[in-house]
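Visitor: Show me how the following folds:
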Amino acid sequence: MADGKTAKDVMIDVFDFPHIPYWFTIKQTVGIIKKSVLGREKCVQPLAILVFDEKYNLVGTVSLKDILKGLEPRFLRQSTKAQGHSEDETGLSVLWDTLFDKEAKEVCEHQISEIMTPSKYFLEPGDPITKAAYLMLRYDLTLLPVLEDKKKFVGLLRMNEIFDELSNAILK
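Guide: The predicted model follows:
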């Protein structure tokens, strides 16, 4: 059981991770990522930012993947979903390139809450890290909030730390 490690043993303090209010635009969020995340040692892959409401309650996360998906031209999103990616990928990428500048600039003014991943899954500080690994894999999460008494947001688990701890346990 990964040497009995719990969420509190490997979590990152909430204030050590970049965060924004839900009303920030995609453009503002990109600026925050470029300034505070890409050059920081504490926030290596997977790159994401926490999103809070007015009362500082965690409402979600936004990753680089979320932003790139949000910038994809709308009709391509519908087209690739409907076709199951069977279309010519080269043709779509060229088409995306020609539309990117105009549509991306418009989309960048939307609120980040439109493209963020809502926070639905949490851990308690005493939960084992194997539970974190299970939830991350089951629900395709790269970050997992840690709540004390199911209310107070005290930390965050990243897939990096979970992988590190579990891999250390199997290599012993």
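Visitor: The residue most central in space within the chain and residue 123, how far apart?
Guide: Centroid-nearest residue in the chain: residue 63, 3.7 Å away (criterion: CA atoms, centre = their mean). Distance of residue 63 to residue 123, computed by CB to CB, to the nearest Å: 19 Å. (Glycine included, C-beta is placed from N, CA and C.)
Visitor: before we move on, what about residue 66?
Guide: 21 Å.
Visitor: which residues of this protein score low on pLDDT?
Guide: Applying pLDDT under 70 to the chain flags the ranges 1-2, 37-47, 73-102.
Visitor: the helices in it, which residues?
Guide: Here the chain has its helices, by DSSP state H, at 7-10, 26-32, 64-71, 74-83, 89-107, 129-138, 159-171.
Visitor: thinking again about what came up before, excluding sequence neighbours, find me the nearest residue to the residue nearest to the centre of the chain.
Guide: residue 48 (4.1 Å; CB to CB, 6 or more residues apart in numbering).
Visitor: One more: residue 36?
Guide: Closest to residue 36 by CB to CB, 6+ apart is residue 18, at 4.8 Å.
Visitor: Surely residue 33 is in contact with residue 64?
Guide: Yes: using CB atoms under 8 Å, residue 33 is in contact with residue 64, at 7.1 Å.
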